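K.L.:
starting from these lines, generate the structure:
(chains A and B)
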Amino acid sequence: MSDHAAEIVTFDNVGLRYGTEPEVLRDLSFTLFPGRFYFLTGASGAGKTSLLKLLYLAQRPSRGAIRMFGKDMITLPREQLPAFRRKLGVVFQDFRLVEHLSAFDNVALPLRVAGVRENDLAKPVRDMLEWVGLEHRIDAIPATMSGGEQQRVAIARAVIGRPALLIADEPTGNVDPDMAVKLLQLFERLNRLGTTVIVATHDINLLRQVPDSLIMRIHKGGLLDPTGALRFPPRPEPRPVDWEDDV
Amino acid sequence: MSKPPLIGRSLVRDLVPFGGRRAAKLVPRARGSGPMPWVIAIMIALTVMAAAAGLALGNLVNRASADLSSALTVQIVEANGERRAAQVERATELLRGDDAVASLRVVPPDELAELIAPWIGSGASGESIPIPSLIDVQLAGAANTAEVARLNALLVDDIPTARVDAQSDWLKPVYDALAALQYLALALIVLLAMTSAGAVWLAARSSFNNHRRTVEIVHLLGGTDRQIARIFQRAVTIDALLGGVVGLAFGTLAVLFIGNQFAALDSGMVAGGNLAVRDWIILAAIPVAGILLAMLTARITVMSALRRML
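P.N.:
Have a look, this model is predicted:
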């Protein structure tokens, strides 16, 4: 029991198929430990998004066992899933912003769902939008935003509730390199505050930005490394971070 | 580049249920522009009219039953006028001597002639056509079968041509017809309620499907089924409230109009069908019941749709 408590996520021989199609994920066994930073890499169609769907509880596996936060997710009653979803922050590949809500309301949504008072959420939401450089777009709806702006709103929404596990699917796909570094630094910052982070990406340069990160390589629905995650080789030059490390 | 904001840990959570206008923004709607309020208004108006008709018929039956429940009619079926008059006199004597009789009245020949004029013409009289004499008897208690039989026996010993009938028996076919109409009104109300629930079910399902993407997002952000159902429930409640008020207004106007038309008939029996204060309260409660039905239907519809999602 205590072993499980030390792990945020454990997959044991997990497989996933949609309907009667062949398995898109097969024999996945790995563990995510608290406070670690993981990259999930693989070619398009390798199964990254399917694996993330299992992680953010949008899908149940066809077989195998999944434990998250010490609980068996396979047998967990459906009514208890929202409590676990609130521990997660998710950056979807397609952003999944609510089209008719402003940037402010989109970012505030997880806090409102969690029951945070209106008076308490206004400042954090403004601060977060300011940090992702969208303070001037606070009332804009997604349709009037560029892809990069929408992605930043999606990231702000994912991290505002200080999730225990942050799951990001290609979070830097639509932003310029500077913003990509900045967003990754936000993830790293959260990671230093205790959030476990898993980022799916095929951008090899991104991997080098986070020291001590672990890499999970997925190919044709299976993990290439039997242990699940490998330490990425340290990058040659120091990483630029321009705020004081106070944690 | 600035430091990312430290957010989340200090926030007070789970104190405020996700609801109200903030939550309603997730399911935008142009209030009153859809057909739903009008559908509900029509259903409520029809229900108010059907209920008013049922209540009025009930009042009419109750009033008539109360008036006639202790009333008897004694017929003296004697062709000879002189003997008939003597038998009427003897019958009144016997009846007045009975403790069960509170009052009696011999129906005058003129009144009898007027009553049968539609059938045998206005020139008829007891001399040309033998017409039975009638005695209206009001009992102190109910004119039940046993009492009717006892008084019949009392009279028949002396007056073989006497026949005693409870007045309510004559109107039994009328009561039965009115009761059938009441059941019809009740059936209409049930059908209207089912149709309203069906309309709300369709509207809620359509709205849910239109906003399925938003629902999925809220779900993935940790929104519960109850939170999401409450959003749709709120939208339906507003529609039902608008429809209920309009429907009640139209229904009440129709009931008042029809009531005035019947009042103009100046018929004693129809006057018994007037609506009492209690009836108006029941009619006013119909929109409330409609709103509750709409809320419940929307909730069940959305909850069952959500249960099909993870």
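K.L.:
going forward, measure contacts between C-alpha atoms and count neighbours the same way
P.N.:
Will do.
K.L.:
B:Gly247 is in contact with B:Ile42, correct?
P.N.:
Yes: B:Ile42 is in contact with B:Gly247 according to Cα atoms under 8 Å; the separation is 5.8 Å.
K.L.:
looking at these two, which one has more neighbours?
P.N.:
Each of B:Ile42 and B:Gly247 has its neighbours counted (other Cα atoms under 10 Å in any protein chain shown); B:Gly247 has more, 27 against 21.
K.L.:
distance of the more buried one relative to A:Gly115?
P.N.:
Distance, B:Gly247 to A:Gly115, by Cα to Cα, to the nearest Å: 37 Å.
K.L.:
what segments of chain A are helices?
P.N.:
For chain A, helices defined by DSSP state H occupy the ranges A:2-5, A:48-55, A:81-85, A:103-113, A:118-131, A:147-159, A:177-192, A:204-207.
K.L.:
end-to-end on stretch B:90-107?
P.N.:
15 Å.
K.L.:
which outside residues touch that stretch?
P.N.:
For stretch B:90-107, contacts defined as Cα atoms under 8 Å, 6 or more residues apart in numbering or on different chains pick out B:133-141, B:154-155, B:159.
K.L.:
switch the cut-off to 7 Å
P.N.:
Outside of stretch B:90-107, the residues within contact range by Cα atoms under 7 Å, 6 or more residues apart in numbering or on different chains are B:134-141, B:155.
K.L.:
so where's chain B uncertain?
P.N.:
Per-residue confidence for chain B (pLDDT under 70) gives these ranges: B:1-22, B:24, B:29-33, B:122-128, B:266-273.
K.L.:
80 instead?
P.N.:
The model of chain B has pLDDT under 80 over residues B:1-34, B:64-69, B:113, B:115-130, B:142-143, B:167-172, B:263-273, B:310.
K.L.:
quick one: which of the helices of chain A is nearest chain B?
P.N.:
Nearest to chain B among those is helix A:81-85; the distance by Cα to the nearest Cα comes to 4.2 Å.
K.L.:
contacts for the closest one?
P.N.:
Against helix A:81-85 from outside (Cα under 7 Å, 6+ apart): A:56, B:220-224.
K.L.:
returning to that earlier point: out of the contacts of stretch B:90-107, which sit inside helices?
P.N.:
Using DSSP H, the subset of those located in helices is B:Leu155.
K.L.:
who wins for most neighbours among the contacts of stretch B:90-107?
P.N.:
B:Val137 (24 neighbours).
K.L.:
and the residue nearest to it when sequence neighbours are not counted, what element?
P.N.:
Excluding the flanking residues, the one nearest B:Val137 by Cα to Cα, 6 or more residues apart in numbering or on different chains is B:Leu104, at 4.3 Å. According to DSSP states H and E, B:Leu104 maps onto strand B:101-106.
K.L.:
burial of whatever residue of the stretch 101-250 of chain B ends up closest to chain A, as a residue count?
P.N.:
Residue nearest to chain A within the stretch 101-250 of chain B: B:Gly222 (4.2 Å; Cα to the nearest Cα). Neighbour count for B:Gly222, taken as other Cα under 10 Å: 25.
K.L.:
same question for the one 10 residues further on.
P.N.:
One way to gauge burial is a neighbour count; for B:Phe232, by other Cα under 10 Å, it gives 23.
K.L.:
does the helix or strand encompassing it come close to chain A?
P.N.:
Taking DSSP H and E as the definition, B:Phe232 sits inside helix B:225-263. No: applying Cα under 7 Å from any Cα of the partner chain, one finds helix B:225-263 out of contact with chain A, separated by at least 8.0 Å.
K.L.:
what about B:Ala45, how many residues nearby?
P.N.:
By the criterion of other Cα under 10 Å, B:Ala45 has 27 neighbours.
K.L.:
which residues does the residue nearest in space to the middle of chain A contact?
P.N.:
Compute the mean C-alpha point of chain A, and by Cα atoms, centre = their mean the closest residue is A:Ile167, 1.3 Å away. Contacts for A:Ile167 (Cα under 7 Å, 6+ apart) come out as A:89-91, A:197-199.
K.L.:
out of these, who's nearest A:Ala140?
P.N.:
Nearest to A:Ala140, judged by Cα to Cα, of the contacts of A:Ile167 is A:Val91 at 19.3 Å.
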